[in-house]
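[1] Using only what follows, build the 3D model:
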Amino acid sequence: MTDITELINLYDELCIKDFPDDNRVAAFLSSYAARPMTTAEVQRYLHSDPGAGWYIRTSTALYGVTIEQPPFHTCAIRRMTPEGGIPEQIGKVAAAVREYAASISGSVAPIRPNQTQLPGGATVISVGSGVVDATGKPSDTFGIFLSNQHGMVSPPWVEFATPGVGVEVRLTRQVIGR
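    Alright, predicted model coming up:
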């Protein structure tokens, strides 16, 4: 299994602490010398929804960041791995979500896990949680998506999938009710 600690740390900083503040998101992207995605690359992830995307390259991996604009205001960060992340590391995402919920005097409710087979062949397993604020109003959803590419990995991710099947690990935060 692949160490995804850096992915989780970037997600916590960008999607939990900085998002949805546009200035903080821009500062984060600038601090990592993020390269904008082309329109076609953004559409690959957001389809026809409005938004933008960037690539961040570190000494560890290549990351794809997308910010989807309302009506679905979502921050997502993803990376390709040969076979997914270490399950114990995924628990760090849940801890970051609980910390966020506590910061707004809210609470966390799990979202039922799901598995989907996409038309292109990928198998996607998703788990997540919802957060309600101090008044009991839904505020955010948080998701973890593991997309097994079954060896059909497209650029620019190919080098990060070998020697495995290629599993994209995507972490999301969607702001709702605001």
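[2] What's the separation between Pro71 and Val175?
    Pro71 sits at a distance of 11 Å from Val175 (criterion: CB to CB, to the nearest Å). For the C-beta atoms, the positions are set from N, CA and C on the backbone; glycine is no exception.
[3] likewise Ala95?
    Taking CB to CB as the measure, Ala95 falls 20 Å from Val175.
[4] These two: which is more packed in?
    Each of Ala95 and Val175 has its neighbours counted (other CB atoms under 10 Å); Val175 has more, 16 against 11.
[5] quick one, what contacts the more buried one?
    Shown in contact with Val175 (CB atoms under 8 Å, 6 or more residues apart in numbering): 19-20, 73-74, 139-140.
[6] where in this structure is pLDDT low?
    Residue ranges of the chain with pLDDT under 70: 177-178.
[7] which residue lies farthest from the center of the chain?
    The outermost residue of the chain relative to its centre, with distances by CA atoms, centre = their mean, is Thr135 at 26.9 Å.
[8] Stretch 163-173: which residues count as buried?
    164-173 (16 or more other CB atoms under 10 Å).
[9] Mark which of the residues you listed are part of strands, please.
    Residues of the buried residues of stretch 163-173 located in strands (DSSP state E): 167-173.
[10] I'd like the distance between Ala26 and Ala40.
    To Ala40, Ala26 is 23 Å away according to CB to CB.
[11] no no, Val169
    23 Å.
[12] do Ser48 as well
    Taking CB to CB as the measure, Ser48 and Ala40 are separated by 13 Å.
[13] and if you look at Gly64?
    According to CB to CB, Gly64 stands 13 Å off from Ala40.
[14] of these two, who's got more company?
    Neighbour count, other CB under 10 Å: between Gly64 and Ala40, Gly64 has more, with 22 against 7.
[15] what sits against Gly143?
    Contacts for Gly143 were tallied using CB under 8 Å, 6+ apart; they are 111, 126-128, 170-174.
[16] I am finished for the moment; much appreciated.
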